[in-house]
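**Q** here is my input, please return the structure:
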Amino acid sequence: MHRVLQYMRKMTKLSVNINKFATLRNARGGNNPDLVKIATDCQHFGAEGITIHPRPDERHITTQDVYNLKPIITTEYNIEGYPDERYIKLVADTHPEQATLVPDPPDVLTSNAGWDTKKEKQLLQDVIGKLKENGCRVSIFVGPDAEMAAAAKDVGADRIELYTEAYARAYKQNREEAIKPYQDAALAAQEVGLEINAGHDLDLENLRYFYLNIPSLSEVSIGHALVCNALYMGLENSIRLYLKELR
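**A** Purely as a prediction, here's the structure:
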């Protein structure tokens, strides 16, 4: 059974994180680029989900964006965030298909660690219980640690999202060593019945190797790199290139 799980291949979805488009808009005020149009176009170009991370300081996604985007999502709406009362209310109001919990407090620049699913067990159990009342799937951010990945089952999560910054940093030096702890964490999660997402610093250079070596991967969430690619290659072409890496 161990080996069957390890080599089972499934389709991996691409969810486009549109935070950086909101950062660009907020730099000048107004509504250019229009996030509703961006999300609509991403889906039209083949994206299989839209991800946002509405931080309390609204430095990119605003509270109003969360509500404005909901009616035009025809794929999957994934709302990331630290599980404070504000976040829980946004999920309760908009009923996204997926809520992804990240452990970073409001003042950090970007997500930079996974949950300690044992130490924070009670907090996560309480929050996940509330979120599931809204009918959404719950994923929690974890590092490449098999013990933390497996323990995500005990807090009630449906999926883990593997935090892939360490993989992306080490990829050029030794990709075999870089992927190994992620394979171990993915297998540990699979064996307790959890599905697997991934995100953070995945790009056109390192994505395919990750995809090929994590056969159980359900979804990747990609934002910063895809937006940077779009500056040179256009949004439609960039999305199609990322999808090609996942096929």
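**Q** show me the shaky parts of this structure.
**A** Counting by pLDDT under 70, the chain contains low-confidence residues at 1-9, 105-112.
**Q** ok but Phe141 is inside a helix, no?
**A** No. Counting by DSSP: H, G, I helix; E, B strand; the rest coil, Phe141 is not found in a helix; it is strand.
**Q** what's the nearest residue to it if we skip its chain neighbours?
**A** Nearest residue to Phe141, sequence neighbours excluded (Cβ to Cβ, 6 or more residues apart in numbering): Val102, at 4.5 Å. Quick note: C-beta positions are derived from backbone N, CA and C, even for glycine.
**Q** and what of Asp154?
**A** Of all residues not flanking Asp154 in the chain, Lys121 sits nearest, at 6.4 Å (Cβ to Cβ, 6+ apart).
**Q** next: Leu241.
**A** Nearest to Leu241 is Leu204, by Cβ to Cβ, 6+ apart, at 6.0 Å.
**Q** run a quick neighbour tally on the one you found.
**A** Using other Cβ atoms under 10 Å, Leu204 has 17 neighbouring residues.
**Q** my guess is it contacts Cys228. True?
**A** No. The criterion here is Cβ atoms under 8 Å, and Leu204 misses it with Cys228 at 10.0 Å.
**Q** spit out the contact partners of the residue nearest to Asp154.
**A** With contact taken as Cβ atoms under 8 Å, 6 or more residues apart in numbering, Lys121 is in contact with Ala151, Asp154, Val155.
**Q** against Pro83, how distant is the residue nearest to Ile222 when sequence neighbours are not counted?
**A** Excluding the flanking residues, the one nearest Ile222 by Cβ to Cβ, 6+ apart is Leu202, at 5.4 Å. Using Cβ to Cβ, to the nearest Å, one gets 24 Å for the distance from Leu202 to Pro83.
**Q** these two - which one has more neighbours?
**A** Set Leu202 next to Pro83 and count neighbours by other Cβ under 10 Å: Leu202 wins out with 26 against 22.
**Q** let me see the contact set for the more buried one.
**A** Residues counted as contacts of Leu202 (Cβ under 8 Å, 6+ apart) are Thr164, Ala168, Phe210, Val220, Ile222, Ala225.
**Q** ok, the residues you listed vs Ala27, which is closest?
**A** Lowest distance from Ala27 to these (Cβ to Cβ) belongs to Ala225, with 19.4 Å.
**Q** moving C-terminal of the one helix or strand that closest one maps to, what's the next helix or strand?
**A** Ala225 is part of helix 224-233 when elements are defined by DSSP states H and E. Toward the C-terminal end, the helix or strand that comes next after helix 224-233 (DSSP H and E) is helix 235-245.
**Q** so for that following helix, what gets flagged as buried?
**A** Of all the residues in helix 235-245, those buried under the rule 16 or more other Cβ atoms under 10 Å are Leu235, Ser238, Ile239, Tyr242, Leu243, Glu245.
**Q** show me the contacts for the second one.
**A** If I follow you right, that is Ser238. Ser238 makes contact with Leu226, Asn229, Ala230 under the criterion Cβ under 8 Å, 6+ apart.
**Q** cool, the fourth one as well?
**A** Remark: with contacts taken as Cβ under 8 Å, 6+ apart, Tyr242 is in contact with Leu14, Leu204, Leu207, Ile222, Leu226.
**Q** alright, calling it a day.
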